[in-house]
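In: Here's a sequence, model it:
(one chain, ligands or ions: 1)
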Amino acid sequence: MHMQAKNILMSGLNTILPPRCPVSGDIVDAQGQISPKIWGELDFISKPFCAHCGIALDLEVLENGKCIKCLDNPPVFSSSRSVFKYNDLSRNLILGFKHGDKTHYVSSFVPFLEQVGKLMLERADFLVPVPLHPRRLIARRYNQAALISGVLSKSCGVKHLPLAMRRVRSTPSQGHLNSGDRIKNVQKAFDVHKKYHSLLKDKSVVLIDDVYTTGATVKECSKILLKHGVAEVNILTIARVMLDD
Ligand SMILES: [Zn+2]
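Out: Got it, this is the predicted structure:
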């Protein structure tokens, strides 16, 4: 359809059918916006949280600002931050944009990603999304991590490299695996594309994903990036599962 005709049709549709929040159904200002009511129900991660892995904890559980797990076994990445806790509501939001066509949600999340990731983004040379295996990419049509990274890049000005990492091994879905099995599941699953080896050397990378679950995936990706000479890897995700195993 001719672009102008399409625009006229769209603005006409907006008058007849005002844009609604995809979760609550409330009328909002623009297509894809999430209503203030839903934002209010999201469980944002605020201090105190572990200075290393970003998990929200009571102050008394933290030692020197870090959780016990990070003190015992420090993650290979330098830091990790997520916008909100993974709960029923954020799960629906993220599933919607993982499997549905709700790609416009991403722009609603970006200001919050910039806020929680301020320090790591200031130091970052590149944004690198966690890759999907091509087979899963075909099923889902897009990689949600690359989608986030692309929109975030436009907003914060840090270049994103959607093809820097790739999955060299298809791994079963992590859905029902415990944390030990998740670590085994992702081992040797990732690689850095040869074309990017020299570009990434001594650089600061922010690794982007939608959900931080046990951290198995982002830790494995960080390990591979560091092995290829990246100076530091920081993790930025929309949601964080609060597990204590
Ligand atoms: Zn920690």
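In: what residues go with each domain of this structure?
Out: When the chain is parsed with automatic domain parsing, its domains come out as 1-41, 51-240.
In: Just say which of those domains is most tucked in.
Out: domain 51-240 (a mean of 18; mean count of other Cβ atoms under 10 Å). The way it works is simple: take the backbone N, C-alpha and C, and place the C-beta from them, glycine included.
In: Now do it: distance from first to last residue.
Out: End-to-end distance for domain 51-240, by Cα to Cα, to the nearest Å: 15 Å.
In: which residues of this structure score low on pLDDT?
Out: Under the criterion pLDDT under 70, the flagged ranges of the chain are 1-16, 32, 96-103, 133-141, 171-177, 244-245.
In: coming back round to it: distance to the ion for the domains of the chain - can I get that in a markdown table?
Out: Output for those, formatted as a markdown table (distance: least, Cβ to the ion, whole Å):
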| stretch | distance to the ion |
| --- | --- |
| domain 1-41 | 26 |
| domain 51-240 | 3 |
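In: show me what contacts Arg20?
Out: Going by Cβ atoms under 8 Å, 6 or more residues apart in numbering, Arg20 touches Asp26, Ile27, Val28.
In: Give me the distance between Ser198 and Ala145.
Out: Ser198 sits at a distance of 24 Å from Ala145 (criterion: Cβ to Cβ, to the nearest Å).
In: likewise Met242?
Out: 20 Å.
In: Then Ile27?
Out: Ile27 is 31 Å from Ala145, where distance means Cβ to Cβ.
In: can you check Ala216 too?
Out: 15 Å.
In: Just give me how far the helix or strand harbouring Val110 sits from the chain centre.
Out: Here Val110 sits within helix 105-116, counting by DSSP states H and E. Helix 105-116 has its C-alpha centroid displaced from the chain centroid by 10 Å (Cα atoms, centre = their mean, to the nearest Å).
In: For the protein, just list every one of the helices.
Out: Along the chain, counting by DSSP state H, helices occupy 3-16, 36-41, 68-72, 88-99, 105-116, 118-123, 134-140, 144-156, 179-186, 197-200, 216-227.
In: I'd like to know which of those helices lies nearest to Arg167.
Out: Closest to Arg167 of these, according to Cβ to Cβ: helix 134-140, at 7.6 Å.
In: got the contacts of Arg20 as a markdown table, with distance to Leu57 columns?
Out: What follows is those, written out as a markdown table (distance: Cβ to Cβ, whole Å):
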| residue | distance to Leu57 |
| --- | --- |
| Asp26 | 34 |
| Ile27 | 38 |
| Val28 | 34 |
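In: which residues sit in contact with the closest residue in space to Ala239 that isn't next to it in sequence?
Out: Leaving aside its sequence neighbours, Ala239 sits nearest to Tyr86 (Cβ to Cβ, 6 or more residues apart in numbering; 4.2 Å). Applying Cβ under 8 Å, 6+ apart, we find Tyr86 in contact with Ile94, Val211, Thr213, Ala239, Arg240, Val241, Met242.
In: Apply 6 Å and report the result again.
Out: The neighbourhood of Tyr86, defined by Cβ atoms under 6 Å, 6 or more residues apart in numbering, consists of Val211, Ala239, Val241.
In: Alright, I will stop here.
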